[in-house]
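Q: would you be able to build a 3D model of this:
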Amino acid sequence: MSYKSNISVIIFIAIIFAVMPILATSQVTLDANGPGQTYELINSVLAPGYTAVEAPDQCTSHPSFGRHIAEVWDATLNKYVFEFYIHVPTSFPVTATTADNDRCINFDRQRVEIKTYESSPANLKGTVGETVNYKWKFRLPLGFRPSPNFTHIHQVKAVGGDEGDPLFTLTVRKSNPDILQSLYVKDSATSEFVQGFVNLSSIAGIWIEATEVIKVGANGTYSITLKRVSDSVTLLSYNNANVATIRPSNTFIRPKWGIYRSLNSYSYLRDDTIRLANISIQEGVLPVHLTNFTASIINKKIELKWSVENEINFSDYEIEYSNNGIGFNKIGNVKAATKTAYNFIYNNNQPKQFYRLKLIDKDGRFSYSNIISLFTNDKVELSLYPNPAKNCITISTNELHSNSTLIISDAVGVVVKKTALTNAVTIIETNKFLNGIYHIQLLENNQIICNNTFVIAR
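A: Residues are numbered from 1 along each chain as shown. I've put the predicted structure just below:
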């Protein structure tokens, strides 16, 4: 049996882009790479020599459909991705051979999931004292129909002892409107806690990037962030710096992805799918998560801003500058202060500027952020009116190129609007923007050449 060749277990200290956790000591990645041998690919990464797939066809349930996970081409990501299939039973009661069920064990529910578990390598199981990071992309189709009971698309399960309920879950639920919830269950004696939710209508049909960071322990830490892949806008964010992320009787925790749903209210359901891509599991993650890093020109000075999560056991942010993007020198230092947002001002009038952050923990380990390039052009101007604005703002520029882009970000650097600039005068609707300060950047060939600031005040 042949296995696909592009599966990698990477031990690295490298430059990691800003939306990724910093300095992972071990990373395992799972990526689709073309039709065929899909189960074998998944097994070889998540549980080499064993079975990491839980699919109906594996227990002779619904064998006529064939495999319930395939690799398909996705035009948005421009790559192969995993597609999971689940089917509503056509007759009841459900039996082991007539319909999708739960491993021919339970017939009031059905699942098609992938997982790590006891037979997986040690670096894919989270144990006390470890920090683990799960990162993946997912897309639910338009019209996705969840159960009012549960439709889990991701779980972090505990193993050993009190293991019945998942610790952390992303579940889609029939409601008014339908929602995607982030849930936490401390133990079997405690009711579930809703950590956050987002309307299903805001995520269906588009790719979402999920990042989940867990420090395993009785007094652990947990964070989850969901962002739109298209523009990196955050749709859901939750962080808890003191939470039990493993139960006293458990031996380790592990992740699952796919569809696991109740059949108790099957009339709400339809044959459905979920797409998954870029699945990664990291252990030994440096306890800080850099979520954003931007540069702006404010009153002829360079202002660097960055946002972080999970700043634990962390020491310093060193700011480095280069005039060519290759050789960098230290220009400043900002001490970690258990905050979520930082900034640094620098005087520089060079036409080409490159900046990066060196992130250093208290043990001396370090890694680098992405590199920001800033190309200044005194001839290009951005005019904004009215300023302050309410429901719209008019943006005009004295120079327009075919490859110009506008990016608007809020005070902490989160991008709220990105659009191609096709006219010298453009009107941007701001009725959904919250009151506050916003920065707008003009890019040419993805290089910042000009920026300005405006205020929303209603």
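Q: nearest spatial neighbour of Arg145, skipping sequence neighbours?
A: Once flanking residues are discounted, Arg145 sits nearest to Arg270: 4.8 Å by Cβ to Cβ, 6 or more residues apart in numbering. In short, each C-beta sits where N, CA and C put it, glycine included.
Q: please apply the same query to Arg247.
A: Once flanking residues are discounted, Arg247 sits nearest to Asp162: 4.6 Å by Cβ to Cβ, 6+ apart.
Q: isn't that neighbour up against Lys186?
A: No. At 9.6 Å, Asp162 does not count as touching Lys186 under the criterion of Cβ atoms under 8 Å.
Q: overlap in contacts, these two.
A: Residues touching both Asp162 and Lys186 (Cβ atoms under 8 Å, 6 or more residues apart in numbering) are Arg247.
Q: so what's His289 bridging to?
A: Beta-bridge pairing for His289 (DSSP bridges): Pro21, Glu309.
Q: quick one: low-confidence ranges for the stretch 201-350 of the chain?
A: Where the stretch 201-350 of the chain drops to pLDDT under 70, the residues are 285-287, 325-326.
Q: domain parsing for the protein?
A: Listed by automatic domain parsing, the domain ranges of the chain are 31-283, 289-375, 382-456.
Q: tell me where the stretch 51-200 of the chain has strands.
A: Here the stretch 51-200 of the chain has its strands, by DSSP state E, counting those that start in this stretch, at 53-54, 69-74, 79-86, 109-115, 131-139, 151-159, 168-173, 179-184, 193-199.
Q: and what of the stretch 301-450 of the chain?
A: Going by DSSP E, counting those that start in this stretch, the stretch 301-450 of the chain shows strands at 301-309, 314-322, 329-335, 341-346, 352-361, 366-368, 372-375, 382-385, 392-397, 404-409, 415-420, 425-429, 436-444, 447-456.
Q: any chance of those in a markdown table, plus mean neighbour count?
A: A markdown table is the format used below for the strands of the stretch 301-450 of the chain (neighbours: other Cβ atoms under 10 Å):
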| stretch | mean neighbour count |
| --- | --- |
| strand 301-309 | 20 |
| strand 314-322 | 19 |
| strand 329-335 | 12 |
| strand 341-346 | 15 |
| strand 352-361 | 21 |
| strand 366-368 | 20 |
| strand 372-375 | 18 |
| strand 382-385 | 15 |
| strand 392-397 | 18 |
| strand 404-409 | 19 |
| strand 415-420 | 16 |
| strand 425-429 | 13 |
| strand 436-444 | 19 |
| strand 447-456 | 20 |
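Q: between these, which gets nearest to Lys137?
A: Between Lys137 and those, the tightest spacing by Cβ to Cβ is seen for strand 415-420, at 17.5 Å.
Q: can you list contacts of the closest one?
A: 231-233, 404-410, 426, 428, 433, 438.
Q: which one of those is nearest to Ile345?
A: Ser409 (17.2 Å).
Q: is it correct that that closest one is in contact with Phe293?
A: No. Between Ser409 and Phe293 there is no contact, the gap being 11.1 Å when judged by Cβ under 8 Å.
Q: what would the strands of the stretch 51-200 of the chain look like in CSV with mean neighbour count, distance to Ile274 and mean pLDDT?
A: Output for these, formatted as CSV (neighbours: other Cβ atoms under 10 Å; distance: least, Cβ to Cβ, whole Å; pLDDT from 0 to 100):
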stretch, mean neighbour count, distance to Ile274, mean pLDDT
strand 53-54, 20, 14, 96
strand 69-74, 17, 10, 95
strand 79-86, 21, 5, 96
strand 109-115, 23, 9, 96
strand 131-139, 23, 6, 93
strand 151-159, 23, 6, 97
strand 168-173, 23, 9, 97
strand 179-184, 22, 12, 96
strand 193-199, 15, 16, 94
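Q: would you list those strands in a markdown table and tack on distance to Tyr342?
A: Formatted as a markdown table, the strands of the stretch 51-200 of the chain follow (distance: least, Cβ to Cβ, whole Å):
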| stretch | distance to Tyr342 |
| --- | --- |
| strand 53-54 | 43 |
| strand 69-74 | 36 |
| strand 79-86 | 34 |
| strand 109-115 | 38 |
| strand 131-139 | 21 |
| strand 151-159 | 30 |
| strand 168-173 | 28 |
| strand 179-184 | 26 |
| strand 193-199 | 24 |
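Q: which one of those lies nearest to Ala47?
A: Closest to Ala47 of the strands of the stretch 51-200 of the chain is strand 109-115 (Cβ to Cβ; 8.0 Å).
Q: quick one: that closest one to strand 69-74, angle?
A: Comparing the axes of strand 109-115 and strand 69-74 via axes from the mean of the first three to the mean of the last three Cα atoms, to 10 degrees yields an angle of 70 degrees.
Q: now strand 109-115 - C-alpha only, PDB.
A: Only the C-alpha atoms of strand 109-115 are listed here, as PDB (Å, rounded to 0.1, in the frame of the first residue of the first chain):
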ATOM      1  CA  ARG A 109     -26.300   9.500  16.500                       C
ATOM      2  CA  GLN A 110     -23.800   9.400  13.600                       C
ATOM      3  CA  ARG A 111     -20.300  10.500  13.100                       C
ATOM      4  CA  VAL A 112     -17.500  10.900  10.500                       C
ATOM      5  CA  GLU A 113     -14.500  12.200  12.400                       C
ATOM      6  CA  ILE A 114     -10.700  12.000  12.500                       C
ATOM      7  CA  LYS A 115      -8.800  11.900  15.800                       C
END
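Q: begin at 44 from now on, thanks
A: New numbering, starting at 44: the last item is strand 152-158.
Q: contacting residues around it?
A: Applying Cβ under 8 Å, 6+ apart, the external contacts of strand 152-158 come out as 85, 89-90, 95-99, 111-112, 127-129, 137, 142-146, 200, 297-307.
Q: hang on, the earlier thing: of all the strands of the stretch 94-243 of the chain, which one comes closest to Ile345?
A: With Cβ to Cβ as the measure, strand 174-182 is the member of the strands of the stretch 94-243 of the chain nearest Ile345 (30.5 Å).
Q: show me what the closest one is packed against.
A: Here strand 174-182 touches strand 194-202, strand 251-258, strand 295-305, strand 315-326, going by 3 or more Cβ pairs under 8 Å, 6 or more residues apart in numbering; DSSP states H and E.
Q: could those go into CSV alongside distance to Glu352?
A: CSV is the format used below for the helices and strands packed on strand 174-182 (distance: least, Cβ to Cβ, whole Å):
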stretch, distance to Glu352
strand 194-202, 17
strand 251-258, 7
strand 295-305, 19
strand 315-326, 15
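Q: of all those strands, which lies closest to Lys405?
A: Across the helices and strands packed on strand 174-182, Lys405 has its closest neighbour in strand 251-258 (14.9 Å, Cβ to Cβ).
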